[in-house]
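Enquirer: below: sequence and its predicted model.
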Amino acid sequence: MCKLNIKHFIYSQLLVYSLFLFLACSPANKFANTEMQEVYIVQDERNAPVLIQFLEHENEDVRKQAAIGLGFCLDEKVIPALKEALKNDKNEDVRAAAAFSLGQQKDSLLGNFLIEAFDSEKENDVKSEIAIALGKCNQPKWFLNQFTKIEKKLYAAFSEGLFQLIYLSGWKDNYLQMCMKLIVNENCTYFTSAALSRALVIPNIHYQEFLKLYEENSNIDIRINLSKCLVKSCINFKDISRIYSKEENYIIRLNIVKSALQLPEKRADEIVEFALKDNNLHIQEVIAEWSISHPENFEQEELTKLSNACKHERAKYFYAKTILLKLKDKEAEVFSNKLIQEYTIQKDEYIKGYILNALSGYWKNLEFIEQSSFDSESILIREFGYEALLSIRKDKRFLVFADVWNKQVSKGITLENYFARIIKDAIETEDVSLLALSAEILRDSTILSVNKSKIKINYANDSFLESAMNKLLMPRDAEIYGELFKTIQFRKGKIVEGRLVPEFNNPINWELVERIPQNQTIEIRTSKGNIILELWTNEAPGTVGRFVKLITDGFYNSKRLHRVVPGFVIQDGCPRGDGFGSTMETIRTEIGNKAFNKAGIIGMASAGTDTESCQWFITHCATPHLNGRYTAFGEVTEGMDVVHKLMHADEIFSIKITDN
């Protein structure tokens, strides 16, 4: 072992030792209790029979944890055990936990039982969980019948259940009257406005009601929801423009823009005009990306000015792609050459990726994009470039491109076969991002083709797909494995639903967890400033333990944000930098008492229940549709302004444990 490695080893061991010394002096969390550890170990293993036995335990906290744990177990004995706990356990917290886990089943057949339980239950906290469960279990008739009878103490839970119903089952017009009566009650306003914001259109007779609530309310998350309702119910967009021009909070302006962009053509023109002058980078990016699918809304000269004025490279090259979509051949070639020169001298991998995406606006750039992608050693450039190539294949003008290619450019191969070859080459690289993108397009029956069958891209033999799938490493590549499996089955005429869940592979490190205090703080140092968060050990011990371990290993240092969805989340922690990376360990989904009902919640990214590994996200605003689906394991206590400033590809310098 060289001196440098010995030095690094000693240093890393000192870091871990220092962490343990520090944590040993901190107050214990609830898992210092070995009984709680025992039940949580069984929960982590998804061992339903043993969890059911824990429902008889004398310790009510153990029974409560067992009831929560059963919500994630796939076993036919779970539902009868939870029903029994909800009906007969003497402790209201245990009954509430049982109601929560019954809701997690999302089974409409549980409706009658839950309604009976609601009617017979005396404690409001338990009735609240039952109301939410009724929403998750798709019981619209109960909500329509109850909304005039429900007690005021239950308004908040009733409206949350209504939101879950509408989120999971879709909006129906007969919900409107109920929502409009509930929204005026301050205990219902948040979730009811969130439910209403999911309606496609709202009758304009309600516009003034929304406007009054919007002007009277100071809660940002409620105002976000109401801003969407205002857009969907307005008659004259000049009114919305006035609201937009006076609104100081960018995230509300952003939601006005997003809602307006979903309306029929021309209605949103005035909002677009305001958004184009907005200095907020997130709003600039949203409009720039929208321009790609709406090039007819922009003049050539205007696009050039917008591209040149952009302060963020991603938005700049979105506009560049729109420019190419509008240009004729000779002009497109000239502009493409300019972009190719920029690509050649550019050193930043992300920006080179943005340029490749822009170049896909002119389909004849495909050979340059292919060569740049497949010859690159950068996994980021390969992924960006391949995605750009596939955007050409998915273009609604593809058959026109193919006709020109076959007549003028063809090198003895049709354009369809050219792309079939590219996709096969991508799969044979065994790169997981290229595999994932390939799996998606190979089962896409909507892409244009001279082939009229359901399978649009054909090969003499699909064995190369199975070969690539079988070389993937589990559990790291479980998500990609599942996508390839779906594609292989689709091409055999079979439809596969759901996702592949990795086998249990990473037990919780209790020696570490029992030393991490509830509300342990960490600091994220970024290129835009620092963010302080507190972690919720009691609610998500496995996730917090995993996160702390990766922090002490330096895993999160020197990374760049691979995903920023304006008005939703920032996301990081991918070892590849493109969002397709994971590790050889996965952890379990943990749903506790904390929820995504406000901005600044840190959660663990996943591809479905029990697939979490290392990627994390922080929310820009309340995101209640994530409740019960993603692990919430902490919240921002300082630096929320930094969260809002962060853009795609911004740097994460380090994440450190801090002294509480």
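Expert: In hand now; what should we look at?
Enquirer: drop to CA atoms for contacts and neighbour counts, all remaining ones
Expert: OK.
Enquirer: just the element for A439, please.
Expert: Of the helices and strands defined by DSSP states H and E, A439 is found in helix 432-442.
Enquirer: buried residues in that helix?
Expert: The neighbour-count criterion (16 or more other C-alpha atoms under 10 Å) identifies V432, S433, L434, L435, A436, L437, S438, A439, I441, L442 as the buried residues of helix 432-442.
Enquirer: next: stretch 476-496.
Expert: 476-488, 490-491.
Enquirer: so for it, mean pLDDT?
Expert: In this model, stretch 476-496 carries a mean pLDDT of 95.
Enquirer: contacting residues around P264?
Expert: Residues near P264 by C-alpha atoms under 8 Å, 6 or more residues apart in numbering: none.
Enquirer: I'd guess it is in a helix, am I close?
Expert: No: when classified by DSSP: H, G, I helix; E, B strand; the rest coil, P264 is found to be coil rather than part of a helix.
Enquirer: distance check, it against K232.
Expert: As judged by C-alpha to C-alpha, to the nearest Å, P264 and K232 stand 11 Å apart.
Enquirer: T552 against K656, yeah?
Expert: Yes: A contact is recorded between T552 and K656 when judged using C-alpha atoms under 8 Å, the distance being 7.5 Å.
Enquirer: run a quick neighbour tally on E331.
Expert: 12 (other C-alpha atoms under 10 Å).
Enquirer: before we move on, what about T414?
Expert: The local packing of T414 (other C-alpha under 10 Å) involves 16 other residues.
Enquirer: residues contacting the nearest residue to it once chain neighbours are set aside?
Expert: Leaving aside its chain neighbours, T414 sits nearest to N406 (5.7 Å; criterion: C-alpha to C-alpha, 6 or more residues apart in numbering). Residues in contact with N406 (C-alpha under 8 Å, 6+ apart) are I413, T414, L415.
Enquirer: now those as a markdown table including secondary structure and distance to R525?
Expert: What follows is the contacts of N406, written out as a markdown table (DSSP: H, G, I helix; E, B strand; the rest coil; distance: C-alpha to C-alpha, whole Å):
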| residue | secondary structure | distance to R525 |
| --- | --- | --- |
| I413 | coil | 51 |
| T414 | coil | 51 |
| L415 | helix | 47 |
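Enquirer: closest to A96 out of those?
Expert: Taking C-alpha to C-alpha as the measure, A96 sits nearest to L415 out of the contacts of N406, at 59.6 Å.
Enquirer: so the closest one touches W405, yeah?
Expert: Yes: between L415 and W405 a contact is recorded at 6.3 Å, counting by C-alpha under 8 Å.
Enquirer: quick one, which of the two is more surrounded?
Expert: Between L415 and W405, L415 has the larger neighbour count (other C-alpha under 10 Å), namely 21 against 17.
Enquirer: ok, residues contacting whichever strand or helix holds T192?
Expert: When secondary structure is defined using DSSP H and E, the element that contains T192 is helix 189-196. By C-alpha under 8 Å, 6+ apart, the residues outside helix 189-196 that reach it are 156, 159-160, 162-163, 166-167, 176, 179, 182-183, 221-222, 225-226, 229.
Enquirer: let's see that with 7 Å instead.
Expert: Helix 189-196 is contacted from outside by S159, E160, F163, I166, C179, L182, I183, I222, N225, L226, C229, using C-alpha atoms under 7 Å, 6 or more residues apart in numbering.
Enquirer: just the ones of those in helices?
Expert: S159, E160, F163, I166, C179, L182, I222, N225, L226, C229 (DSSP state H).
Enquirer: from those, keep the buried residues only.
Expert: Those of the ones in helices among the contacts of helix 189-196 that meet the buried threshold are S159, E160, F163, I166, C179, L182, I222, N225, L226, C229, by 16+ other C-alpha under 10 Å.
Enquirer: in contact with the residue lying closest to the last one once chain neighbours are set aside, which residues?
Expert: Going back to what we said before, that points to C229. With C-alpha to C-alpha, 6+ apart as the criterion, C229 has its nearest non-adjacent residue at 5.4 Å, and that residue is S197. Listed by C-alpha under 7 Å, 6+ apart, the contact set of S197 reads N225, K228, C229.
Enquirer: closest to N187 among these?
Expert: When the contacts of S197 are compared for distance to N187 (C-alpha to C-alpha), N225 comes out closest, at 15.0 Å.
Enquirer: which residues does the closest one contact?
Expert: The contact partners of N225, taken as C-alpha under 7 Å, 6+ apart, are S193, A194, S197.
Enquirer: flag the shaky bits of this protein, pLDDT-wise.
Expert: Low-confidence segments of the chain, defined by pLDDT under 70: 1-28, 265-267, 410, 660.
Enquirer: what ranges does it have for its strands?
Expert: 520-526, 529-535, 559-560, 563-565, 569-572, 601-604, 616-619, 632-638, 651-657 (DSSP state E).
Enquirer: turn those into CSV, including mean neighbour count and distance to K90.
Expert: Shown next, in CSV, are the strands of the chain (neighbours: other C-alpha atoms under 10 Å; distance: least, C-alpha to C-alpha, whole Å):
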stretch, mean neighbour count, distance to K90
strand 520-526, 20, 33
strand 529-535, 20, 31
strand 559-560, 22, 50
strand 563-565, 18, 45
strand 569-572, 23, 41
strand 601-604, 25, 33
strand 616-619, 24, 37
strand 632-638, 23, 29
strand 651-657, 19, 41
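Enquirer: indicate which one of these is closest to K238.
Expert: Minimum separation from K238 across the strands of the chain (C-alpha to C-alpha) falls at strand 563-565, 27.7 Å.
Enquirer: which elements pack onto that closest one?
Expert: With contacts defined as 3 or more C-alpha pairs under 7 Å, 6 or more residues apart in numbering; DSSP states H and E, strand 563-565 has these neighbours: strand 569-572.
Enquirer: go again using 10 Å as the cut-off
Expert: Strand 563-565 sits against helix 281-293, strand 569-572, strand 616-619, with contacts defined as 3 or more C-alpha pairs under 10 Å, 6 or more residues apart in numbering; DSSP states H and E.
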